[in-house]
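Undergrad: got a sequence here, can you model it:
(2 chains)
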Amino acid sequence: AQSVTQLGSHVSVSEGALVLLRCNYSSSVPPYLFWYVQYPNQGLQLLLKYTSAATLVKGINGFEAEFKKSETSFHLTKPSAHMSDAAEYFCAVSVSGNKLVFGAGTILRVKS
Amino acid sequence: DAGVIQSPRHEVTEMGQEVTLRCKPISGHNSLFWYRQTMMRGLELLIYFNNNVPIDDSGMPEDRFSAKMPNASFSTLKIQPSEPRDSAVYFCASRPGQGTDTQYFGPGTRLTVL
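TA: Reported below is the predicted structural model:
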């Protein structure tokens, strides 16, 4: 079975600062990994996904994530936070792309 | 293009009543997923369809829950009878192809069972 652990239910950064949201996964087979963002009262939107090609994945809105097999991690980063980045972020793992197993989510707060 | 459409957006009902949630996937997408989001359990997959056929319903909590997809443009999730612990946000998502193609989520239905 697959699982995802997101370290930190809440992360607060200043505008312009580095954003780092942590995700560690567990999977018995090579996984596919995803980051989604959820704005208040909206559905989830895909930021980026890892599907066994390049280990450094670039997504929308300036976000990127690096797949590190040795660390079983897929941390999400953005060099400079914007106020509009404030949202909840979910990491998800799948072995087939069908059943996504989500982490508990991390709420990102951006301070002006 | 219209995204995934869900109705109603909010539903308040009393325990014991039947609840039907509706979803219209993006045109041309051939996979459809129902998820539930709660504070306690987070986001969990309930069931998914491929080409209108249920493929995996292992996440459906119990027999009170049922889902149908009578055609490529419509799906329902029914709860009968509803219980307060069913209160959650229910999301529908659709996907154009197979595997790791992106799942596109609807805005969700917030269900409150009193």
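
Undergrad: you'd agree B:Arg85 is in a strand?
TA: No: the assignment for B:Arg85 by DSSP: H, G, I helix; E, B strand; the rest coil gives helix, which leaves it out of any strand.

Undergrad: local confidence estimate at it?
TA: The model reports B:Arg85 with a pLDDT of 95.

Undergrad: how many neighbours does it have?
TA: Per other Cβ atoms under 10 Å in any protein chain shown, the neighbour tally for B:Arg85 reads 11. Glycine gets a C-beta too; all of them are placed from N, C-alpha and C.

Undergrad: who touches it in this structure?
TA: B:Val113 (Cβ atoms under 8 Å, 6 or more residues apart in numbering or on different chains).

Undergrad: hmm, A:Lys49 and A:Lys58 touching each other?
TA: No: using Cβ atoms under 8 Å, A:Lys58 is not in contact with A:Lys49; the gap is 10.9 Å.

Undergrad: these two: which has the busier surroundings?
TA: Between A:Lys58 and A:Lys49, A:Lys49 has the larger neighbour count (other Cβ under 10 Å), namely 22 against 11.

Undergrad: ok, what's across the strand from the closest residue to the more buried one other than its chain neighbours?
TA: Of all residues not flanking A:Lys49 in the chain, A:Phe34 sits nearest, at 4.6 Å (Cβ to Cβ, 6 or more residues apart in numbering or on different chains). With DSSP bridges as the criterion, A:Phe34 is bridged to A:Lys49, A:Ala92.

Undergrad: also B:Leu21?
TA: If you apply DSSP bridges, the partners that B:Leu21 bridges to are B:Leu77.

Undergrad: and the gap between the residue positioned nearest the centre of chain A and chain B?
TA: By Cα atoms, centre = their mean, chain A has its centre lying nearest to A:Trp35, at 3.7 Å. Distance of A:Trp35 to chain B, given as Cβ to the nearest Cβ, to the nearest Å: 12 Å.

Undergrad: need the contact list for that residue.
TA: A:21, A:23, A:46-49, A:59, A:63, A:65, A:74, A:76, A:89-92.

Undergrad: and whichever residue of chain A sits closest to chain B, its phi and psi?
TA: The nearest approach of chain A to chain B comes at A:Gly43, 3.4 Å away (Cβ to the nearest Cβ). Backbone torsions of A:Gly43, given as degrees, to the nearest 10, read phi -80, psi -180.

Undergrad: run through the bridge partners of the spatially closest residue to it that is not a sequence neighbour.
TA: Spatially, and ignoring its direct neighbours in sequence, A:Gly43 is nearest to B:Phe105 (3.4 Å; Cβ to Cβ, 6+ apart). When bridges are called by DSSP bridges, B:Phe105 pairs up with B:Ala93.
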